[in-house]
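Engineer: need the 3D shape of this:
(one chain, ligands or ions: 1)
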Amino acid sequence: MVHDGILALFDIDGTLVRGARCHYQAFVESVKKYYGFEEDISGINYAGKTDPQILREALELGGFKEEEIEENFNNCLKFMVQYYIKNVHKENVRALGGTFELLDGLKREETLLGLVTGNLEPIAYAKLGRVGLDKYFPFGGFGSDYAERSLLVKKALNLARDQYEYDGDRIFVIGDTPRDVEAAQAYKLTTIAVATGRYSEWELENCGADHVLKDLNDKEKVLKILDTEF
Ligand SMILES: [Mg+2]
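Structural biologist: The predicted model follows:
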């Protein structure tokens, strides 16, 4: 079926869900195992960054050289996934207000839904699965695809076109950080920024988001943006 309606690409952390204690723990444990380093990402503003990007920055901050980083980089990411899947029952994740109502509403309107998230793909689905949100998103661009967020947008766009015969141009990216906005702007997509992460509405307006919302609670408001934008 050729799809020429709306395509909506959602970020996960701070946009659909909140709480990632287990994800953080997976990070700590994998760095400890492969680099023997008690990593501390408290010095990094990791909002909107991809998992491989955060890992690299943490190791660089820890003084590791490029060849030392490279040697175990992929093993470290693999272990992070294993640890996460094994411990996901302890994840303190919860769906943010309005998400189910909005996603159900979008599905009724036959919106094509996808993800653009810095999470590694298995972590993304396990995390969403904890709260029953995984079933809404058949595809996406993930931190396991590329470290650079704009390439995740590109991957999601390509999948929408190739696998879901998406042929429209009403494409939205919904996220909670200036990085989400910037990555979408690279492809001239319409951005909706939500202030449910660490950035305020004011900060999101200043980064050039097309629309800024306090949260996703008002389903009608979001649907109106999607319907009237074009
Ligand atoms: Mg986010």
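Engineer: got the confidence number for residue 17?
Structural biologist: Note on residue 17: pLDDT of 97.
Engineer: correction: the previous question concerned residue 164.
Structural biologist: So residue 164 comes in at 93 (pLDDT).
Engineer: quick one, what contacts it?
Structural biologist: 3, 112, 138-139 (C-beta atoms under 8 Å, 6 or more residues apart in numbering). Where you see a C-beta, it was placed from the backbone N, CA and C, and this is true even at glycine.
Engineer: just give me the closest of those residues to residue 165.
Structural biologist: Nearest to residue 165 among those is residue 3, at 5.7 Å by C-beta to C-beta.
Engineer: correct me, but the closest one touches residue 163?
Structural biologist: No. Using C-beta atoms under 8 Å, residue 3 makes no contact with residue 163, being 10.5 Å away.
Engineer: okay, the two: which has more neighbours?
Structural biologist: residue 3 (16 against 10; other C-beta atoms under 10 Å).
Engineer: state the phi and psi torsions of the more buried one.
Structural biologist: phi -110, psi 110 (degrees, to the nearest 10).
Engineer: okay, it and the ion: tell me how far apart.
Structural biologist: 26 Å (C-beta to the ion, to the nearest Å).
Engineer: and the pLDDT at that residue?
Structural biologist: Residue 3 is given a pLDDT of 76.
Engineer: in the sheet, who's paired with it?
Structural biologist: When assigned by DSSP bridges, residue 3 has beta-bridge partners residue 166.
Engineer: one step back: most neighbours, which of the contacts of residue 164?
Structural biologist: Most surrounded of these: other C-beta under 10 Å gives residue 112, at 22 neighbours.
Engineer: picking that back up, could I get the contacts of residue 164 as TSV with secondary structure?
Structural biologist: Output for those, formatted as TSV (DSSP: H, G, I helix; E, B strand; the rest coil):
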residue	secondary structure
3	strand
112	strand
138	coil
139	coil
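Engineer: closest one of the residues you listed to the ion?
Structural biologist: Ranked by distance to the ion (C-beta to the ion), those are led by residue 139 at 18.3 Å.
Engineer: how near is the residue lying closest to that closest one once chain neighbours are set aside to residue 98?
Structural biologist: Excluding the flanking residues, the one nearest residue 139 by C-beta to C-beta, 6 or more residues apart in numbering is residue 159, at 4.6 Å. To residue 98, residue 159 is 26 Å away according to C-beta to C-beta, to the nearest Å.
Engineer: the more surrounded of the two?
Structural biologist: Set residue 159 next to residue 98 and count neighbours by other C-beta under 10 Å: residue 98 wins out with 20 against 16.
Engineer: am I right that that one is in contact with residue 215?
Structural biologist: Yes. The pair residue 98 and residue 215 passes the contact test of C-beta under 8 Å, sitting 6.4 Å apart.
Engineer: domains of the chain?
Structural biologist: 6-19+94-228, 21-90 (automatic domain parsing).
Engineer: looking at these, which is closest to the ion?
Structural biologist: Across the domains of the chain, closest to the ion is domain 6-19+94-228 (C-beta to the ion), at 3.8 Å.
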